[in-house]
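A.B. asks: Here's a sequence, model it:
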Amino acid sequence: MKSMPNYLAVINLATAGLNGALLGSDEEEIVILVFVVVDVAAKQVVGLKEFFVKPRAADINENVLSEQARDELGLQEDQVRSGKPLESAIEEFDRYARSMYFIGGNRTMTLVTDGQLPLRQCLHPEACTKGLDLPEYYNSFYDLRKEVAKSLNLPSSEDKINSVRDALMHLSLESDPSPCDAVLRDAKDMGRILITLLELGYHFAEPETINLHLEPGICTKDEEVDSNTVVRARGLPWQSSDQDIARFFRGLNVASGGVALCLSPQGRRNGEALVRFTSSEHRDMAIKRHKHHIGSRYIEVYKATGEDFVNVAGGSNDEATKFLSRKGLMIVRMRGLPYDCTAKQIVEFFQAPEDSCYVLEGEEGVLFVKKPDGRATGDAFVMFETEEEGQKALKKHKQVIGSRYIELFRSTIAEVQQVLNRSMDPKTYEQQTPLITHLPPVPILPQQAITSGTRKDCIRLRGLPYEAQVEHILDFLGEHSKNIAYQGVHMVFNAQGQPSGEAFIQMDGEQSAFAAAQQRHHRYIVFGKKQRYVEVFQCSGDDMHLVLTGGLALPSTTPPKALLSPNGTLISPSFGAFPFGQMSQPPMIPASAVAPLTPRTPFGFQPIIYWPYPSPPVSPSSYYGGPPPTQVALATATTTPAALIPSPALASLTRCN
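C.D. replies: Here you go, the predicted structure:
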């Protein structure tokens, strides 16, 4: 049997908002802290400290305290406004406890709370939000309600203890009669309850612990997960890591590997995560954090099922299981690798002199993402032993292997499982059945083709003013505009035919595209009185396909074909998912029969190909195929437009000389 601590320190608190059973559910700040220290051997109170805490909102809001805090707890505005900051109150009690030798040397002290909420739902979350490091003894505690119930052998379902008053009643004790606020009175009563339990010979065994860090863990497809321990968090910032989500639930114990970030069909993080806790009690407290905040974003928290968690986090890939069993503390996802890249090259990439770091177990710490037929996808996961090594690795973001720059992102165990599951599923690469099987032939203009392939000889501009024309883009690119391929500027339009603020530009080579993206990214374009910064990304023809077709990947059995732009040819039959992929060859209007197409001066009704257009992709994006384009509309140059088929999200691509 583990020995009891030398001292038991009651900690009782209240917030400026809701208290009692809803303590901590409204994110209000702590306004009072009370400590009562009991000597276990002497069975008497040896210390008492009360701190009024000034919340940070006190300088902004006229009224700090809620009606409940004033009327039921007896707190006053002037007491709170003249109080100490939370960090000062924590530091002062720590100095007091050490000066009185409650801790230090061979002496130990364990906190005692009235239920789970004071530490798990109030103090730890607020300390995390404010960036405070709590002393180590705040990471374990005894729940007085549970200890009293165990000492009296009370049935858990019937005579449940829900307050200090209930505990007093079961022990036939009277409340402290001295006039004071309710928080101080309850703390004194808790001290008397502790002394009574010690006098009855009760032994305080193992305390409850609060986990500060998310431990790694692997979930398999055949694992059974209790549905009473899982929640779904929605509205997360897309760049959130599993550790960020665990910090949002600070104070509650998340199971090992218990955060699974959800990915969209395109392989991008979609702002949702499934979180698995160690018990249903912690899951119930997590639900009370519904609409709490990460930064300025509020997060929705709902109940989920164990099946939901296994579907996202569970894996059946032996190679992934072997990789994840290495127990490194950080995983980095690499994107944009040459298809012939080897594990040795990746290890050497990270060991390069600047920001040198070491992959866990060398080449064994590299996991390539492959298609079912074994072909490379350009993605890989790399394991690092420590957080520090992983952070150094991320500094190599956009450094090059060969002639390609490599994108690096922090990843998670669940993401590895999801990516490997999808990459090995043949359905991921299957061509979708067209929703419209036939359109009557219509005449269209001869058209030029947009580049395709994996060579990153293009750049993507995002955030352009809607009024921007080709000459403004050329001015923005400056000296890099001389490296634009002939007829290489492609403006992207939305479903209403209005500019979307994006453009694709073909360069004369990968180096030109890389230089333009590096030197013009986040630079400002000036248009009249408007000044907007523009994002510039290096991309390939295949990347253009993915964006303009909503993520529809080209069939793996046929070589990549080119997209269309006005002044080009009809889309190849290899685009079987498109309605016109099964059309007979339509009649063509000879080029000599029409006037040449000049920039921004359409004649008649320009030929337009409409494509579904998703939200701008966010990192990490993926090669996975998404839903197929749903509607297509064509129009002739010399006749009235053909009937358009409505679609909620369409975009068009036009070429400018």
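A.B. asks: Tell me which stretches of the stretch 351-500 of the chain form helices.
C.D. replies: Secondary structure of the stretch 351-500 of the chain (DSSP state H, counting those that start in this stretch): helices at 387-394, 413-423, 470-477.
A.B. asks: contacts for the last one?
C.D. replies: Outside helix 470-477, the residues within contact range by Cβ atoms under 8 Å, 6 or more residues apart in numbering are 461, 464-465, 481, 484, 489, 491, 503, 505, 516, 520, 523, 525, 527, 534, 599-600, 656. (C-beta placed from N, C-alpha, C; glycine too.)
A.B. asks: about what we covered before: from the helices of the stretch 351-500 of the chain, which stretch is densest packed?
C.D. replies: Greatest average neighbour count among those goes to helix 413-423 (a mean of 23), per mean count of other Cβ atoms under 10 Å.
A.B. asks: Disregarding residues adjacent in the polypeptide, which is nearest to Pro118?
C.D. replies: Leu13 (5.3 Å; Cβ to Cβ, 6 or more residues apart in numbering).
A.B. asks: and the one you found, how many residues sit next to it?
C.D. replies: Neighbour count of Leu13, defined by other Cβ atoms under 10 Å: 26.
A.B. asks: Show me what the helix or strand encompassing it packs onto, helices and strands only.
C.D. replies: Assigning secondary structure by DSSP states H and E places Leu13 in strand 7-15. Under the contact criterion of 3 or more Cβ pairs under 8 Å, 6 or more residues apart in numbering; DSSP states H and E, strand 7-15 touches strand 30-39, strand 109-113, helix 182-199.
A.B. asks: Please compute how far the next helix or strand after the second one lies from its chain's middle.
C.D. replies: In other words, strand 109-113. Following strand 109-113 in sequence order, the next helix or strand is helix 117 (DSSP H and E). Taking Cα atoms, centre = their mean, to the nearest Å, one finds helix 117 lying 26 Å from the centre of the chain it belongs to.
A.B. asks: And for helix 117, what's in contact with it?
C.D. replies: Leu23, Gly24, Met285.
A.B. asks: ok so the last one is a helix residue?
C.D. replies: Yes. Following the definition DSSP: H, G, I helix; E, B strand; the rest coil, Met285 is counted among the residues of a helix.
A.B. asks: ok, now how distant is it from Arg165?
C.D. replies: Separation of Met285 from Arg165 (Cβ to Cβ, to the nearest Å) stands at 22 Å.
A.B. asks: Comparing those two, which residue is more hemmed in?
C.D. replies: Met285 (20 against 12).
A.B. asks: and that one, what pLDDT?
C.D. replies: Here, the pLDDT recorded for Met285 equals 97.
A.B. asks: wait, doesn't it sit right on Cys122?
C.D. replies: No. Using Cβ atoms under 8 Å as the test, Met285 is too far from Cys122 to be in contact (11.1 Å).
A.B. asks: if we can go back for a sec, centre of the chain to the strand holding Leu13, how far?
C.D. replies: 34 Å.
A.B. asks: strands paired with it, and their directions?
C.D. replies: strand 30-39 (antiparallel), strand 109-113 (parallel) (DSSP bridges).
A.B. asks: can I get the CA coordinates of that strand in CSV?
C.D. replies: Output of strand 7-15 as CSV, limited to C-alpha atoms (Å, rounded to 0.1, in the frame of the first residue of the first chain):
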residue,chain,number,x,y,z
TYR,A,7,0.2,17.1,4.1
LEU,A,8,-3.2,17.4,2.4
ALA,A,9,-3.9,20.8,0.9
VAL,A,10,-7.6,21.7,0.3
ILE,A,11,-8.0,23.9,-2.8
ASN,A,12,-11.3,25.6,-3.4
LEU,A,13,-12.1,28.3,-6.0
ALA,A,14,-14.8,30.2,-7.8
THR,A,15,-15.1,32.0,-11.1
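A.B. asks: JSON lines for the contacts of helix 117, including distance to Gly374?
C.D. replies: Shown next, in JSON lines, are these (distance: Cβ to Cβ, whole Å):
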{"residue": "Leu23", "distance to Gly374": "56"}
{"residue": "Gly24", "distance to Gly374": "52"}
{"residue": "Met285", "distance to Gly374": "47"}
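A.B. asks: out of the residues you listed, who's nearest Val46?
C.D. replies: Leu23 (27.5 Å; Cβ to Cβ).
A.B. asks: For Glu92, see how far away that closest one is.
C.D. replies: 23 Å.
A.B. asks: Equivalent analysis for Cys219, please.
C.D. replies: From Cys219 to Glu92 the distance is 44 Å (Cβ to Cβ).
A.B. asks: Settle it for me: which of Leu23 and Glu92 has more neighbours?
C.D. replies: Leu23 (22 against 14).
A.B. asks: tell me which residues in the helix or strand containing Glu535 are buried?
C.D. replies: Glu535 belongs to strand 530-539 when assigned by DSSP H and E. Neighbour counts over strand 530-539 (16 or more other Cβ atoms under 10 Å) mark Val534, Glu535, Val536, Phe537, Gln538, Cys539 as buried.
A.B. asks: Any chance you could list what contacts stretch 121-136?
C.D. replies: Under Cβ under 8 Å, 6+ apart, the answer for stretch 121-136 is 11, 13, 15, 23-25, 27, 29-30, 56, 86-87, 90, 94, 138, 210, 247, 250-251, 285, 288-289, 292.
A.B. asks: Now, those residues that are in helices?
C.D. replies: Judged by DSSP state H, the contacts of stretch 121-136 include Leu86, Glu87, Ile90, Asp94, Arg247, Met285 as members of helices.
A.B. asks: Which pLDDT value goes with the residue nearest to Leu200 when sequence neighbours are not counted?
C.D. replies: Closest residue to Leu200 apart from its sequence neighbours, by Cβ to Cβ, 6+ apart: Ser151 at 6.7 Å. Note for Ser151: predicted pLDDT of 91.
A.B. asks: And for Ile32?
C.D. replies: 96.
A.B. asks: Got a PyMOL select line for the buried ones in the ones in helices among the contacts of stretch 121-136?
C.D. replies: Here is the PyMOL command that selects the buried residues among the ones in helices among the contacts of stretch 121-136 (16+ other Cβ under 10 Å):
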select buried, resi 86+90+247+285
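A.B. asks: Tell me which two of the ones in helices among the contacts of stretch 121-136 sit farthest apart.
C.D. replies: Among the ones in helices among the contacts of stretch 121-136, Asp94 and Met285 lie farthest apart (Cβ to Cβ), at 26.2 Å.
A.B. asks: follow-up on the earlier one: out of the strands paired with strand 7-15, which gets nearest to Pro338?
C.D. replies: strand 30-39 (54.3 Å).
A.B. asks: what does the helix or strand just after the closest one contact?
C.D. replies: Next helix or strand after strand 30-39 toward the C-terminus (DSSP H and E): strand 44-52. For strand 44-52, the external contacting residues (Cβ under 8 Å, 6+ apart) are 7, 31-39, 79-80, 82-84, 89, 92-93, 96-97, 100, 102, 184, 187-188, 191, 195.
A.B. asks: Work out the gap between strand 44-52 and the centre of the chain.
C.D. replies: Taking Cα atoms, centre = their mean, the mean C-alpha location of strand 44-52 is offset from the chain mean by 42 Å.
A.B. asks: That strand relative to helix 182-199, how many degrees between them?
C.D. replies: 160 degrees (axes from the mean of the first three to the mean of the last three Cα atoms, to 10 degrees).
A.B. asks: All good on my end, thank you.
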